[in-house]
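Chemist: Could you work out the structure for the sequence below:
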Amino acid sequence: MALFSQLGNYRNFGLLVMRAGLGVMMFLHGLPKLTGGIPKWEALGQNMGHLHIHFLPVMWGFMSAITETIGGIFCVLGLWFRLVSILMVVNFIVAIATLFAMGKGITESSEAIEMLFVFFGFIFLGAGSLSIDKS
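Modeler: This is a model prediction of the structure:
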C-alpha cells in the first residue's frame, strides 16, 4: 500500500520508540525492587529455586533488580543494548518459571512470555542508529 511504503525509512526511529517505551517501563518496574533492599532482593532471588539454583538468593535478586532498573535506562539510551537484552531474556525466563511454578497458566504468564520474545528479538536487531552505541 502506497501510504505505508515510506515507513521503512524510519526503522531506527521505530526501534527508538520501542527501546524508550520498554526501557522506561522496565525502569519503573525494577526501581521498587532495587530500593527494597536486602529483604526484597532475597525474596526475589528465591525465584531462582524454580530453576534449581538455591545459592546466593540475595545476589540473584540484586542482579535482577539492577537488570530491570539500570538495564531499563541503558535500553532507553541504547547503551550495551544487546547485553541488556540478553540479561532481560534471562530475567524473563526466571519470571516465566516462577509463574508456572505458582500454578499460573499460559494466559496469566503471557505478559512475561511476550516480553521474552521482544527482548530475544532485540538481541538480533540491536539498538539501531539512534542510540549511544550507534550499532
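
Chemist: Which parts of this structure are helices?
Modeler: 11-35, 37-45, 57-77, 81-101, 110-125 (DSSP state H).

Chemist: Just put those in TSV and tack on mean neighbour count, mean pLDDT and distance to residue 5.
Modeler: All C-beta atoms are positioned from the backbone trio N, CA, C, and that covers glycine. Shown next, in TSV, are the helices of the chain (neighbours: other Cβ atoms under 10 Å; pLDDT from 0 to 100; distance: least, Cβ to Cβ, whole Å):
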stretch	mean neighbour count	mean pLDDT	distance to residue 5
helix 11-35	16	95	13
helix 37-45	17	95	47
helix 57-77	21	97	30
helix 81-101	19	96	28
helix 110-125	15	96	21
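
Chemist: can you tell which of the ones you listed is closest to residue 133?
Modeler: If you check each of those against residue 133 by Cβ to Cβ, helix 81-101 wins as the nearest, at 6.4 Å.

Chemist: The closest one to helix 110-125, inter-axis angle?
Modeler: 160 degrees (axes from the mean of the first three to the mean of the last three Cα atoms, to 10 degrees).
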